[in-house]
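Undergrad: sequence plus the predicted model coming up.
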Amino acid sequence: MSIKKMSLLVSSFLLFVLVSSIVINTMVVVRKQEKEKVSSKITFEIHPDKMVSSYNFIDVAPVEEEKVEEEVVVEEVKEEETVSVTTSTPNESNDAVFVGKMTGYGADCIGCSGVGALSCRAADGSRHTLTENGEYYNDATYGTVRIVAAALDKFPCGTIVKVDHPALGTFYAVVMDTGGSMKRAWANGYVWMDLAFKTESDPSIYSTTSSNTTYSVQRWGW
């Protein structure tokens with residue numbers, strides 16, 4: 001091969017290498033530019049109410065907060081039941097029960113009249129004395145009942161009580177007398193009744209003393 005041909009061949013090869021290098025570099029640059037273009041397409045700014053891209057405007061509807069309605073629980077307010085505890089008064093039909101003291105007294109007790117004149121008149125208006133008529137009274141409704149003294153401002157004349165006594169048992173009595181001890185007891189909030197006898201010398205009078213006697217009112221007054 002001649003030197004001229006060799007030079008031509010080398011020149012051609014070098015030209016080919018040069019062109020190839022230029023083509024490759026051009027492709028790399030183009031690729032880089034395309035990649036940057038693609039990147040620029042997907043960059044965007046975020047605004048409170050919309051997204052802005054390089055090429056498009058996309059409206060983003062604000063998301064409404066889901067309103068959760070609070071369930072109002074209305075509790076049924078029940079009126080409190082008022083339980084009133086009252087003691088019966090005269091002319092009431094219901095019974096009243098008291099637990100208190102009982103003692104006994106005779107017509108000749110200290111401070112008494114000696115004849116046992118009672119503070120109350122009988123239902124017919126007549127007078128009743130322990131010495132003449134005795135410690136019993138014949139009631140039109142309850143029959144023969146015992147006579148007791150009590151606080152007349154609470155137990156008016158003619159009041160009938162059913163007495164439950166620890167020693168004497170159960171019997172009926174009518175209020176026909178009063179006394180200072182009975183009045184003071186009721187003023188202090190408790191019941192004290194005095195069972196009547198003809199005389200203080202009656203031995204049964206001592207068995208009447210009790211602090212746990214039950215009085216059930218059957219009738220208020222005459």
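TA: Sure, I can see it.

Undergrad: quick one, helices of this structure?
TA: For the chain, the helices defined by DSSP state H cover 3-42, 130-133, 180-187.

Undergrad: helix or strand with the lowest mean pLDDT in this protein?
TA: Lowest mean confidence among the helices and strands of the chain (mean pLDDT, DSSP states H and E): strand 50-53, at a mean of 42.

Undergrad: related to what we said a few turns ago, weakest of the helices of the chain by average pLDDT?
TA: Comparing mean pLDDT across those, the weakest is helix 3-42, with a mean of 67.

Undergrad: show me the chain divided up by domain.
TA: Annotated domains of the chain cover 3-59, 97-219 [automatic domain parsing].

Undergrad: highest mean neighbour count out of the ones you listed?
TA: Of all the domains of the chain, domain 97-219 carries the top mean neighbour count, a mean of 17, counting by mean count of other Cβ atoms under 10 Å. From N, CA and C alone the C-beta is placed, and that goes for glycine too.

Undergrad: for stretch 166-180, output the C-alpha coordinates as PDB.
TA: The C-alpha trace of stretch 166-180 is given here as PDB (Å, rounded to 0.1, in the frame of the first residue of the first chain):
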ATOM      1  CA  PRO A 166     -95.000  -3.800 127.300                       C
ATOM      2  CA  ALA A 167     -96.500  -4.900 130.700                       C
ATOM      3  CA  LEU A 168    -100.200  -4.100 130.400                       C
ATOM      4  CA  GLY A 169    -100.700  -5.400 126.800                       C
ATOM      5  CA  THR A 170    -103.100  -3.700 124.300                       C
ATOM      6  CA  PHE A 171    -106.200  -1.700 125.300                       C
ATOM      7  CA  TYR A 172    -108.100   1.400 124.200                       C
ATOM      8  CA  ALA A 173    -108.100   4.700 126.100                       C
ATOM      9  CA  VAL A 174    -109.800   8.100 125.700                       C
ATOM     10  CA  VAL A 175    -108.100  11.400 126.500                       C
ATOM     11  CA  MET A 176    -110.100  13.200 129.200                       C
ATOM     12  CA  ASP A 177    -107.500  14.900 131.300                       C
ATOM     13  CA  THR A 178    -104.200  16.700 131.100                       C
ATOM     14  CA  GLY A 179    -101.200  17.500 133.200                       C
ATOM     15  CA  GLY A 180     -98.100  19.700 133.300                       C
END
